[in-house]
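Peer 1: Output the structure for:
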Amino acid sequence: MNILLLTPQLPFPPRQGTTIRNFSLIKALAARHTIDLITFLAPGEELGPDNPLHQLCREIACVAQPARPTIRRARDLITTVTPDMGLRLESPAMHTQVQAWAGERHYDIVQVEGIELAQYGMAIAGHKHGRQRPALLFDNHNCEYLLQQRNALTDLRQPRRWIAAAYSLIQWRKLRRYEATILRTADATVAVSEADRLALEKLAPEVPVTVVSNGIDIATYRPDPNRVAADPPTLVFTGKMDYRPNIDAVLWFGREVLPLIVAREPHVRFQIVGMNPDPRLDILREQPQIEITGAVEDTRPYIHKATAYIIPMRVGGGTRFKALEAMACAAGVVSTRLGVEGIPVHDGQEMLLADTPQDFAAAVLRLLADARTGGELRRQLGERGRKLVVAQYSWEQIVPRLEHVYLQIAGQSGA
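Peer 2: As a prediction, the model looks like this:
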């Protein structure tokens with residue numbers, strides 16, 4: 001098929017969840033389909049001649065990411081019913097580019113990656129039974145209204161976060177309407193987890209949503225046969241550190257869980273590994289046990305050396321790339337249940353699960369004690385975790401599910 005793909009940022013290099021998913025889909029789809037790509041470029045970013053996207057895509061168009069000052073965001077918060085995410089990447093240049101290619105070329109599918117680009121897909125769609133057009137597929141990387149709902153309920157517990165909670169409450173209501181409109185406009189919607197699918201279908205029960213989960217390159221993320229365990233024992237968290245759920249996770253762990261661990265294991269270290277550390281994390285720098293690395297070239301060495309890889313998420317949605325990466329590397333993982341929502345793991349089988357500070361600390365201490373006696377528990381958890389990922393989360397298994405959706409909708413819209 002001929003596919004036009006719209007992405008909110010350049011898919012390569014894949015440094016975060018969105019770009020990992022987008023590049024992996026392009027790489028797999030390009031083997032059997034013709035891909036054209038329209039993407040935004042961040043300030044200072046460029047598409048170099050050696051970028052592998054040139055070999056995967058027939059043609060690529062880049063549009064400069066629009067600037068959106070804080071004062072405009074504040075005004076839009078009050079004056080428009082469109083959620084913040086629906087305005088974040090609003091660009092006349094992008095509208096012109098999308099309309100030009102969609103109008104001049106024959107595409108079977110226009111695939112929109114994420115809610116920030118939904119308006120460009122909906123502009124193409126028009127009336128479902130109107131003019132001839134390609135089929136519109138919306139790839140919903142997160143159920144955004146659910147994410148904002150969880151943000152609001154989490155921030156309401158802390159008076160210092162009530163302004164952020166108010167923002168999320170407003171976005172929650174706006175996103176419910178906006179995501180419902182997208183669902184009813186698109187010819188098909190895919191979600192990355194069963195939990196997200198159920199949440200989306202509450203908005204538009206008459207619209208089917210298909211799960212096309214996130215995956216992992218199991219050849220790239222694999223156990224290190226020459227692993228040298230960290231000394232002193234080290235707990236590792238990886239993620240983009242200006243992402244609100246990740247910020248909440250490490251703050252909760254650093255303030256409420258880590259002190260319980262240090263009381264028993266005073267030499268333990270906690271590494272927060274990821275780009276763009278938010279200023280809210282500065283308070284953690286005061287604790288001598290905590291290291292905030294910032295951006296690193298490769299997170300795998302940190303995952304491999306970790307005594308325990310932790311996922312203390314209390315907010316969020318989708319399928320966690322961080323969980324898939326750690327499991328593929330056969331790490332010993334401790335997670336909240338929300339941190340692995342959508343992944344069929346069981347406590348004590350593929351990882352240890354805990355949701356309270358006391359239980360989370362006890363699970364981490366269990367792995368720390370295990371490391372001193374040979375690491376048999378970590379080995380068993382790691383083997384089972386990798387086995388699950390290999391069986392269910394390789395891109396070779398996931399992409400055919402997306403292609404099945406293509407077959408269902410191609411031609412239905414008059415393309």
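Peer 1: Give me the spatial nearest neighbour of Met351, chain neighbours excluded.
Peer 2: Spatially, and ignoring its direct neighbours in sequence, Met351 is nearest to Val333 (3.8 Å; Cβ to Cβ, 6 or more residues apart in numbering). C-beta here means a position set from N, CA and C on the backbone, and glycine is covered the same way.
Peer 1: Show me what that neighbour bridges to in the sheet.
Peer 2: Taking DSSP bridges, one finds Tyr309 as the beta-bridge partners of Val333.
Peer 1: For the helix or strand bottoming out on mean pLDDT in the chain, buried residues please.
Peer 2: Here the helix or strand of the chain ranked lowest by mean pLDDT, DSSP states H and E is helix 144-155, holding a mean of 84. In terms of neighbour count (16 or more other Cβ atoms under 10 Å), helix 144-155 has its buried residues at 144-152, 154-155.
Peer 1: Now render those as CSV, adding distance to Pro288.
Peer 2: Output for these, formatted as CSV (distance: Cβ to Cβ, whole Å):
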residue, distance to Pro288
Glu144, 38
Tyr145, 40
Leu146, 37
Leu147, 33
Gln148, 35
Gln149, 37
Arg150, 32
Asn151, 30
Ala152, 34
Thr154, 28
Asp155, 28
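Peer 1: Closest one of these to Gln271?
Peer 2: Of all the buried residues of helix 144-155, Gln271 sits closest to Thr154, with 23.7 Å by Cβ to Cβ.
Peer 1: so the closest one makes contact with Asp248?
Peer 2: Yes. Contact criterion Cβ atoms under 8 Å: Thr154 and Asp248 qualify, at 6.2 Å.
Peer 1: overlap in contacts of the two?
Peer 2: Shared contacts of Thr154 and Asp248, defined by Cβ atoms under 8 Å, 6 or more residues apart in numbering, are found at 314-315.
Peer 1: for this structure, what spans make up the strands?
Peer 2: For the chain, the strands defined by DSSP state E occupy 2-7, 34-41, 59-64, 109-113, 135-140, 188-191, 209-211, 234-238, 269-273, 290-294, 308-311, 333-335, 352-353.
Peer 1: Output the below-cut-off pLDDT ranges for the stretch 301-415 of the chain.
Peer 2: Scanning the stretch 301-415 of the chain with the threshold set as pLDDT under 70 gives 316-319, 411-415.
Peer 1: Which stretches in it count as helices?
Peer 2: In the stretch 301-415 of the chain, the segments counted as helices under DSSP state H, counting those that start in this stretch are 321-328, 357-372, 376-392, 395-409.
Peer 1: so of the ones you listed, which one's packed in deepest?
Peer 2: Each of these was scored by mean neighbour count; the highest is helix 321-328, a mean of 26, by mean count of other Cβ atoms under 10 Å.
Peer 1: Identify the residues contacting that one?
Peer 2: 17, 20-21, 214-216, 218, 221-222, 237-239, 299-300, 303, 309, 311, 333, 335, 339-340, 343, 350-351, 382, 385-386, 388-390, 393.
Peer 1: Can I get it as PDB, trimmed to CA atoms?
Peer 2: Extracted as PDB, the C-alpha positions of helix 321-328 are listed here (Å, rounded to 0.1, in the frame of the first residue of the first chain):
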ATOM      1  CA  PHE A 321       8.800   1.000  26.700                       C
ATOM      2  CA  LYS A 322      10.900   1.200  29.800                       C
ATOM      3  CA  ALA A 323       9.300  -2.100  31.100                       C
ATOM      4  CA  LEU A 324       9.800  -3.800  27.800                       C
ATOM      5  CA  GLU A 325      13.400  -2.700  27.600                       C
ATOM      6  CA  ALA A 326      14.300  -3.800  31.100                       C
ATOM      7  CA  MET A 327      12.500  -7.200  30.600                       C
ATOM      8  CA  ALA A 328      14.300  -7.700  27.300                       C
END
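Peer 1: distance between it and the chain's centre?
Peer 2: The chain centroid and the centroid of helix 321-328 are separated by 12 Å under Cα atoms, centre = their mean, to the nearest Å.
Peer 1: and it with helix 376-392, angle?
Peer 2: 110 degrees (axes from the mean of the first three to the mean of the last three Cα atoms, to 10 degrees).
Peer 1: any low-confidence regions in the stretch 1-150 of the chain?
Peer 2: For the stretch 1-150 of the chain, the ranges with pLDDT under 70 are 126-132.
Peer 1: Which parts of it are helices?
Peer 2: Secondary structure of the stretch 1-150 of the chain (DSSP H, counting those that start in this stretch): helices located at 17-29, 53-56, 70-79, 84-87, 92-104, 118-125, 144-155.
Peer 1: List the contacts of the fifth one.
Peer 2: Residues outside helix 92-104 that contact it (Cβ under 8 Å, 6+ apart) are 4, 6, 36, 38, 40, 61, 63-64, 107, 110, 120, 123-124, 133-134.
Peer 1: Emit the ChimeraX select command for whichever of those are buried.
Peer 2: Burial among these is assessed by 16+ other Cβ under 10 Å; the matching ChimeraX selection reads:
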select :4,6,36,38,40,61,63,107,110,120,124,133,134
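Peer 1: Nearest to Glu179 among the contacts of helix 92-104?
Peer 2: Tyr120 (15.8 Å).
Peer 1: of all the strands of the chain, which lies closest to Ala369?
Peer 2: Closest of the strands of the chain to Ala369 is strand 308-311, at 10.9 Å (criterion: Cβ to Cβ).
Peer 1: Tell me which residues of the closest one come out buried.
Peer 2: By 16+ other Cβ under 10 Å, the buried positions in strand 308-311 come out as 308-311.
Peer 1: ok, longest helix in this structure?
Peer 2: helix 162-185 (DSSP state H).
Peer 1: surely Ala371 meets Ala229?
Peer 2: Yes. Using Cβ under 8 Å, Ala371 is in contact with Ala229, at 6.5 Å.
Peer 1: which residues are common contacts for these two?
Peer 2: Common contact partners of Ala371 and Ala229 (Cβ under 8 Å, 6+ apart): Thr307.
Peer 1: still on that earlier bit, between the buried residues of strand 308-311, which is nearest Val207?
Peer 2: Among the buried residues of strand 308-311, Ile311 lies closest to Val207 (Cβ to Cβ), at 31.2 Å.
Peer 1: mind listing what the closest one touches?
Peer 2: Contacts of Ile311 by Cβ under 8 Å, 6+ apart are 237, 249, 320, 322-323, 326, 333-336, 339-340.
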